[in-house]
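Engineer: this one's structure only:
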Ligand SMILES: [Zn+2]
């Protein structure tokens with residue numbers, strides 16, 4: 001099996017159990033798995049391939065994105081949705097999303113995956129919840145596979161249109177029997193529960209305001225009948241979301257989740273901006289995870305999630321760029337910075353979240369939220385998913401005191417190398433897995449065609 005030696009790493013940020021940061025570090029990789037971690041002096045001196053970083057790069061575990069809607073890269077900054085909060089924003093965009101085609105799904109997924117890879121992400125979850133014009137989750141899985149990104153594909157769903165008291169138009173919701181049948185097909189066709197899996201399937205009814213309680217319950221039962229299939233939805237995103245829950249179910253979002261069996265180590269909820277103390281406590285006790293999406297929450301004026309409190313109650317917290325029509329970017333390293341800053345503002349405490357804690361949410365935290373024990377830190381036996389940042393760049397000049405903290409305090413435009421599953425997918429020249437200019441040209445053309453429906 002091919003071996004790779006990465007040596008003369010300025011600082012190797014392992015994020016391992018001791019949180020070791022190794023000066024003059026090195027990694028020795030066999031195929032897609034890390035075999036050795038240490039100093040350049042300690043590790044083997046040769047391998048099939050040697051990447052000498054010349055003592056100028058930080059190396060860190062690949063970041064994990066736990067919430068996104070890749071298709072929305074086609075509808076960023078839509079004028080009618082630029083200044084709206086959640087429900088109005090959705091209502092303005094549904095007519096555009098209704099025009100999506102399989103090609104649009106594939107192109108938007110590749111654009112989002114490319115943005116994520118450039119910004120340090122090596123594993124992402126995506127939540128695709130509408131399937132007009134014969135679109136399928138298969139279109140997205142195949143498109144992302146080409147990028148090299150490790151991928152948790154969520155089979156989203158909407159079943160409750162306006163006529164049944166839901167928010168989406170009736171024309172883009174699906175029959176519940178069809179949703180469950182397709183969910184089962186996708187699990188059986190794609191879900192890989194082995195260590196180092198590149199594709200896993202999640203079941204993900206879109207939100208309490210777009211599916212029935214029966215679909216929530218049945219999706220949970222279906223997911224739990226297969227090993228490693230997780231559950232994901234949006235919860236307690238803003239004030240209106242809470243009001244809808246109280247008016248419709250007579251329950252807070254946390255109580256609603258409990259009532260449909262959506263608490264547990266196999267569940268994570270996006271946003272949770274308005275999760276109350278009782279729910280935070282029960283999330284912590286049950287190991288229910290949260291995808292924190294600070295940019296989207298600010299963009300839609302949803303509020304600031306109580307992340308410090310969640311961490312203190314042992315709630316697994318990961319980061320999500322969300323979007324891309326509510327962020328409107330997919331820059332995961334920038335999202336880490338926003339999470340770090342937002343926690344401080346929310347608590348009015350400059351020590352509320354440290355740079356290293358923010359980085360931990362984006363690595364170990366995200367891995368935990370996605371139920372992965374093979375990613376999130378760099379140690380023997382872990383997947384070879386890592387990224388490098390060259391210290392010789394404008395944004396990092398003057399950060400010699402603590403270059404690791406500088407990753408979060410400063411603004412890094414992109415990472416320099418990215419390896420996923422031991423495969424080099426990005427280097428300083430660019431993305432190696434896609435012909436990005438061609439993808440962007442086609443993606444732009446599709447976006448222009450959707451603009452007619454604004
Ligand atoms: Zn979302």
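Structural biologist: Perfect, thanks for sending it. These numbers were taken from a predicted model, which means no experiment stands behind them.
Engineer: Report pLDDT for residue 86.
Structural biologist: Listed pLDDT for residue 86 reads 90.
Engineer: Just give the number of residues close to it.
Structural biologist: Neighbours of residue 86 under the rule other C-beta atoms under 10 Å: 23. Bear in mind the C-beta positions are built from the backbone N, C-alpha and C, glycine included.
Engineer: Please apply the same query to residue 185.
Structural biologist: 15.
Engineer: isn't residue 257 right next to residue 232, touching?
Structural biologist: No - using C-beta atoms under 8 Å, residue 257 is not in contact with residue 232, being 11.7 Å away.
Engineer: can you list residues touching both of those two?
Structural biologist: Common contacts of residue 257 and residue 232 (C-beta atoms under 8 Å, 6 or more residues apart in numbering): 267, 269.
Engineer: In three-state terms, label residue 202 for me.
Structural biologist: strand (DSSP: H, G, I helix; E, B strand; the rest coil).
Engineer: wait, isn't it in contact with residue 231?
Structural biologist: Yes - with contact defined as C-beta under 8 Å, residue 202 reaches residue 231; the gap is 6.8 Å.
Engineer: which of these two has more neighbours?
Structural biologist: residue 202 (29 against 25).
Engineer: Just list whatever residues bridge to that one.
Structural biologist: Counting by DSSP bridges, residue 202 is bridged to residue 154, residue 230.
Engineer: how close does it get to residue 339?
Structural biologist: 22 Å (C-beta to C-beta, to the nearest Å).
Engineer: quick check, distance from stretch 274-288 to the centre of its chain.
Structural biologist: Using C-alpha atoms, centre = their mean, to the nearest Å, the mean C-alpha position of stretch 274-288 is found 21 Å from that of the whole chain.
Engineer: Can you give me the buried ones in that stretch?
Structural biologist: 274-275, 279-284, 286-288 (16 or more other C-beta atoms under 10 Å).
Engineer: For those residues, work out which two are farthest apart.
Structural biologist: Spatially, the most separated pair among these is 274 and 287, at 20.8 Å (C-beta to C-beta).
Engineer: Start from the N-terminal end of the stretch 251-400 of the chain and give the strands.
Structural biologist: Remark: strands assigned in the stretch 251-400 of the chain by DSSP state E, counting those that start in this stretch are 267-271, 289-292, 317-319, 386-390.
Engineer: okay, these in a markdown table with distance to residue 242 next?
Structural biologist: What follows is the strands of the stretch 251-400 of the chain, written out as a markdown table (distance: least, C-beta to C-beta, whole Å):
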| stretch | distance to residue 242 |
| --- | --- |
| strand 267-271 | 11 |
| strand 289-292 | 16 |
| strand 317-319 | 20 |
| strand 386-390 | 37 |
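Engineer: highest average neighbour count across those?
Structural biologist: strand 289-292 (a mean of 31; mean count of other C-beta atoms under 10 Å).
Engineer: okay, which residue is most central for this protein?
Structural biologist: residue 65 (2.1 Å; C-alpha atoms, centre = their mean).
Engineer: what pLDDT does the closest residue to residue 392 other than its chain neighbours get?
Structural biologist: The shortest distance from residue 392 to any non-neighbouring residue, by C-beta to C-beta, 6 or more residues apart in numbering, is to residue 56 (5.6 Å). For residue 56, the pLDDT comes out at 98.
Engineer: Residue 56: what's it in contact with?
Structural biologist: Contact partners of residue 56, counting by C-beta under 8 Å, 6+ apart, are 10, 390-392.
Engineer: Among the residues you listed, which pair sits farthest apart?
Structural biologist: 10 and 392 (10.1 Å).
Engineer: which one of these two has more residues nearby?
Structural biologist: More crowded of residue 10 and residue 392, by other C-beta under 10 Å: residue 10, with 21 against 10.
Engineer: State the distance from the more buried one to residue 389.
Structural biologist: From residue 10 to residue 389 the distance is 9 Å (C-beta to C-beta).
Engineer: any idea how far the nearest residue in space to residue 446 that is not next to it in sequence is from residue 146?
Structural biologist: Nearest-residue entry for residue 446: residue 104, 4.9 Å, with adjacent residues in sequence omitted and distances by C-beta to C-beta, 6+ apart. With distances taken as C-beta to C-beta, residue 104 is found 16 Å from residue 146.
Engineer: Closest to residue 409 out of the contacts of residue 56?
Structural biologist: For the contacts of residue 56, the nearest to residue 409 is residue 391 (13.8 Å; C-beta to C-beta).
Engineer: what's the weakest-modelled helix or strand in the protein?
Structural biologist: Ranked by mean pLDDT, DSSP states H and E, the weakest helix or strand in the chain is helix 86-97, scoring a mean of 93.
Engineer: buried ones in it?
Structural biologist: 86-87, 89-94, 96-97.
Engineer: where along the stretch 201-350 of the chain do the helices fall?
Structural biologist: 213-224, 239-249, 253-259, 277-286, 294-299, 307-312, 332-347 (DSSP state H, counting those that start in this stretch).
Engineer: next one: the stretch 351-454 of the chain
Structural biologist: Under DSSP H, counting those that start in this stretch, the stretch 351-454 of the chain gives helices at 355-360, 366-369, 403-409, 436-450.
Engineer: list the helices and strands the longest one packs on?
Structural biologist: With contacts defined as 3 or more C-beta pairs under 8 Å, 6 or more residues apart in numbering; DSSP states H and E, the secondary structure elements packing on helix 436-450 are helix 102-118.
Engineer: so after the helix it packs on, what's the next helix or strand?
Structural biologist: Counting by DSSP states H and E, the next helix or strand C-terminal to helix 102-118 is strand 121-128.
Engineer: could you give the angle of that following strand to strand 267-271?
Structural biologist: Per axes from the mean of the first three to the mean of the last three C-alpha atoms, to 10 degrees, the angle that strand 121-128 makes with strand 267-271 is 90 degrees.
Engineer: Identify the neighbouring strands of strand 121-128 in the sheet and state each direction.
Structural biologist: For strand 121-128, pairing defined by DSSP bridges yields strand 63-65 (parallel), strand 150-157 (parallel).
Engineer: Find the one among those with the highest mean neighbour count.
Structural biologist: The highest mean neighbour count among the strands paired with strand 121-128, using mean count of other C-beta under 10 Å, belongs to strand 63-65: a mean of 30.
Engineer: beta partners for the nearest residue to the residue nearest to the centre of the chain once chain neighbours are set aside?
Structural biologist: Closest residue in space to residue 65, ignoring its immediate chain neighbours: residue 124 at 4.0 Å, by C-beta to C-beta, 6+ apart. With DSSP bridges as the criterion, residue 124 is bridged to residue 65, residue 151.
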